[in-house]
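*Asks:* the sequence and its predicted three-dimensional model are supplied below.
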Amino acid sequence: MAVTPCGMLLRRLVGLTIRNLDDDLKARLRLRVERHGRSMEEEACSILRAVLANCVEDSTGALLYDTIRARVESFGGVDLALPRVSPNAIHRASANNRAAGCRSLSLAPA
């Protein structure tokens, strides 16, 4: 195991082979290697670190939401006319739902 500069323990890969890279991708990787003065292995690790640092995997769907929003945001939004709900309606609905053993809250427009 190796210890990173930030103190995280990492298991070292014995080797990693990437097959079937197209010529354009290989050429772009070589340009990055030259520009950054690194070896191919160092550059590949740097790219993987950068990509995976922004990848948060959870079961909440937040990543899915953010991904979808990023793709459709440029199309603009939709303004919805939402009905007004009076505070009394919220109180009544909450009391009725508690009495019925419900966990959700259903509201009717005021």
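*Replies:* Everything's here; your move. Residues are numbered from 1 along each chain as shown.
*Asks:* all contacts plus neighbour counts: C-alpha atoms, from now on.
*Replies:* Noted.
*Asks:* in stretch 16-30, what's buried?
*Replies:* 29-30 (16 or more other Cα atoms under 10 Å).
*Asks:* give me the below-cutoff pLDDT ranges for this structure.
*Replies:* Applying pLDDT under 70 to the chain flags residues 1-15, 54-60, 101-110.
*Asks:* so which residue is smack in the middle of this protein?
*Replies:* Among the residues of the chain, residue 63 comes closest to the average C-alpha position under Cα atoms, centre = their mean, at 2.9 Å.
*Asks:* kindly provide the distance from residue 28 to residue 34.
*Replies:* Note on residue 28: its distance to residue 34, by Cα to Cα, to the nearest Å, is 10 Å.
*Asks:* kindly report the same for residue 63.
*Replies:* 34 Å.
*Asks:* then residue 51?
*Replies:* Applying Cα to Cα to residue 51 and residue 34 gives a distance of 20 Å.
*Asks:* out of these two, name the residue with the larger neighbour count.
*Replies:* Taking neighbours as other Cα atoms under 10 Å, residue 51 and residue 34 compare with residue 34 leading, 13 against 10.
*Asks:* what's the burial count for the nearest residue to residue 39 once chain neighbours are set aside?
*Replies:* Nearest-residue entry for residue 39: residue 33, 6.2 Å, with adjacent residues in sequence omitted and distances by Cα to Cα, 6 or more residues apart in numbering. Residues near residue 33, counting by other Cα under 10 Å, number 17.
*Asks:* for residue 94, same thing?
*Replies:* 18.
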